[in-house]
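Asker: Pasted the sequence and its predicted model underneath.
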Amino acid sequence: MPRKRVVILGSTGSVGINTLDVIARMPERFEVLALSAFNNKLLFARQLRQFKPRYAAIAPEHIDFVAKASGVTRRKISDTSPDSLSRMAALKEADIVVIALTGAVALDPFLAAARAGKTIAPANKEALVIAGHIIMQAAAQSGARVIPVDSEQSAIFQCLHDCDPLSVRALHLTASGGALRGLPRREHDKVSVDRILAHPRWKMGTKITVDSATLMNKGFEVIEAMRLFNMSVDKVKVLVHPEAIIHSLVEFVDGAWLAQLGITDMRLPLQYALTYPRRMKSALKPLDLASIGKLHFELPDTKSFPALELAYYAARKGGTFPAVLNAADEVAVEAFLKNRIRLSGIFRLVEKTVMAHRSVAAPSLEDIRCADAWARLKTEDFLKGIK
Ligand SMILES: NC(=O)c1ccc[n+]([C@@H]2O[C@H](COP(=O)([O-])OP(=O)(O)OC[C@H]3O[C@@H](n4cnc5c(N)ncnc54)[C@H](OP(=O)(O)O)[C@@H]3O)[C@@H](O)[C@H]2O)c1
């Protein structure tokens with residue numbers, strides 16, 4: 001059987017590194033066709049030496065360094081402009097495109113892969129939040145297959161297994177609760193950035209870890225699930241499950257529930273997407289339910305974590321609201337990581353920007369780009385008056 005050729009956009013991030021780990025264990029099944037990074041030039045040079053992809057991309061200021069350190073001809077390394085990443089995502093030779101980029105930069109390459117009819121394994125949720133309807137429509141038209149690797153969406157995908165959407169009563173996305181679970185809102189600003197970045201269950205990039213602490217990440221996942229599975233917002237629910245063993249559940253109209261369980265390791269959904277529809281032996285340690293003993297569930301505390309309700313608000317309003325929610329959050333989280341605002345400032349900034357927005361119904365890509373740019377400027381504006 002010919003090896004599947006894989007493109008990984010964002011190979012130096014948490015998801016990208018895990019994807020390469022899965023691939024390195026199955027050299028007879030996969031070949032790395034293209035890799036992209038942004039600032040992590042040392043790791044990227046190492047990845048190019050190890051995996052020898054035919055195509056590579058990194059931020060322009062690092063191209064010379066990476067060429068020298070990896071021995072790859074300079075001319076073979078491109079920059080990370082939207083056009084370059086889109087070309088990589090739509091390469092004729094590519095079988096699977098893993099979208100492991102963080103943020104809205106994933107929009108263009110995701111759409112390019114969808115239009116080119118690729119099998120797409122998206123970890124990135126931001127592109128689906130802001131323009132999921134356009135991406136999924138492009139995928140449907142070209143015959144592209146989208147196999148999510150965000151662990152909750154992968155769980156739903158596995159439970160649904162192409163069943164009739166009318167047989168679904170609700171999707172239940174589980175949330176571990178993040179670093180601040182149980183802590184009242186007035187205490188949030190006393191918690192150090194280091195503690196917020198130390199997620200109790202998952203090791204991930206900084207942006208998603210902060211979003212997990214505020215529950216904005218779960219809000220994004222609600223919108224992501226609506227787009228991926230074509231569900232109305234009222235059918236997508238959130239259940240806090242601190243052990244993070246059940247990755248999500250589907251409730252059917254006849255009263256049956258299906259859940260997907262596993263240890264907390266992104267290599268599981270990543271491998272599933274790469275080998276789909278087959279299941280292959282993995283390197284993960286087995287789940288030992290008897291030693292875990294009990295699993296717990298509770299409703300999210302939306303008083304202490306209002307970002308989740310704000311995401312539902314944006315989802316119900318639709319139009320360009322999700323794009324504004326995402327852009328404002330990207331700006332606010334970056335300000336938090338640079339110590340410009342405290343944790344509670346993230347919600348205040350995002351809420352102010354969302355409430356100031358005038359949405360466009362059934363937005364085109366151009367409308368979404370305009371709303372994204374508007375929200376970034378507006379949030380920067382509000383940032384000046386907040387501490
Ligand atoms: N981490 C997880 O376990 C997990 C789970 C579920 C979903 N997700 C989602 O998956 C996506 C990636 O998450 P992550 O945790 O892997 O993020 P991450 O560790 O921050 O990695 C992001 C990757 O994107 C690259 N990148 C960042 N900014 C870029 C830009 N402007 N242009 C081009 N490339 C850029 C980074 O390059 P450099 O590192 O070289 O700068 C890195 O390779 C996010 O949307 C996240 O919400 C992650």
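Answerer: Thanks, I have the structure now.
Asker: rest of the way, CA atoms for contacts and neighbours
Answerer: Fine.
Asker: Around the ligand, which positions in the stretch 251-387 of the chain sit nearby?
Answerer: residue 266 (Cα under 6 Å from any ligand atom).
Asker: Neighbours of the closest residue to the ligand within the stretch 251-387 of the chain, how many?
Answerer: Nearest residue of the stretch 251-387 of the chain to the ligand, counting by Cα to the nearest ligand atom: residue 266, 5.7 Å away. Residue 266 has 20 neighbours, counted by other Cα atoms under 10 Å.
Asker: Now for it: which residues touch it?
Answerer: 15, 18, 149-151 (Cα atoms under 8 Å, 6 or more residues apart in numbering).
Asker: Just to be sure, which of these are found in helices?
Answerer: Counting by DSSP state H, these place 15, 18, 151 in helices.
Asker: tell me the phi and psi of the residue lying closest to the first one once chain neighbours are set aside?
Answerer: Residue nearest to residue 15 in three dimensions, not counting chain neighbours: residue 100, with 5.7 Å by Cα to Cα, 6 or more residues apart in numbering. Torsion angles at residue 100 (phi, psi; degrees, to the nearest 10) stand at phi -110, psi 20.
Asker: of the contacts of residue 266, list those near the ligand.
Answerer: 15, 150-151.
Asker: Most neighbours out of those residues, which is it?
Answerer: Most crowded among these, counting by other Cα under 10 Å, is residue 15 at 28 neighbours.
Asker: which ones are touching that residue?
Answerer: 100, 123, 204, 266.
Asker: Make a ChimeraX selection of the buried ones in these.
Answerer: Here is the ChimeraX selection string for the buried members of those, based on 16 or more other Cα atoms under 10 Å:
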select :100,123,204,266
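Asker: hey, where'd the strands end up in the protein?
Answerer: 4-9, 30-36, 55-57, 77-78, 96-99, 119-122, 145-146, 168-175, 236-240, 246-252, 257-261 (DSSP state E).
Asker: neighbouring strands for the first one, and are they parallel or not?
Answerer: I take that to be strand 4-9. Using DSSP bridges, strand 4-9 pairs in its sheet with strand 30-36 (parallel), strand 96-99 (parallel).
Asker: Run the chain-centre distance for the first one.
Answerer: From the chain centre to the centre of strand 30-36 is a distance of 20 Å (Cα atoms, centre = their mean, to the nearest Å).
Asker: For stretch 261-279, give the mean pLDDT please.
Answerer: Across stretch 261-279, the average pLDDT comes to 97.
Asker: now stretch 24-34
Answerer: Taken as a whole, stretch 24-34 carries a mean pLDDT of 97.
Asker: For it, measure first residue to last.
Answerer: 15 Å (Cα to Cα, to the nearest Å).
Asker: what about it, distance to the chain center?
Answerer: 23 Å.
Asker: Any buried residues in it, and which?
Answerer: Those buried within stretch 24-34 under the rule 16+ other Cα under 10 Å are 24, 30-34.
Asker: Could you do stretch 132-141 as well?
Answerer: Buried-residue list, stretch 132-141, by 16+ other Cα under 10 Å: 132-139.
Asker: what does that stretch rub up against?
Answerer: 110-111, 114-115, 117, 128, 145-146, 224, 227-228, 364-365.
Asker: Residue nearest the middle of this protein, spatially speaking?
Answerer: What sits nearest the mean C-alpha location of the chain, by Cα atoms, centre = their mean, is residue 124, with 2.9 Å.
Asker: distance of that residue from the ligand?
Answerer: 3 Å (Cα to the nearest ligand atom, to the nearest Å).
Asker: go on, residue 246?
Answerer: From residue 246 to the ligand the distance is 15 Å (Cα to the nearest ligand atom).
Asker: hang on, that residue packs against residue 259?
Answerer: Yes - counting by Cα atoms under 8 Å, residue 246 does reach residue 259; the two are 6.5 Å apart.
Asker: Compare the two (neighbour count), which wins?
Answerer: residue 246 (22 against 16).
Asker: Where does the prediction get shaky in the chain?
Answerer: For the chain, the stretches with pLDDT under 70 are 387.
Asker: neighbours of residue 309, just the number please.
Answerer: 15.
Asker: and it, what does it touch?
Answerer: So, once contact is read as Cα under 8 Å, 6+ apart, residue 309 ends up touching 219, 302.
Asker: Might you report the residue contacts of residue 295?
Answerer: 241-243, 245.
Asker: Fine by me, we can end here.
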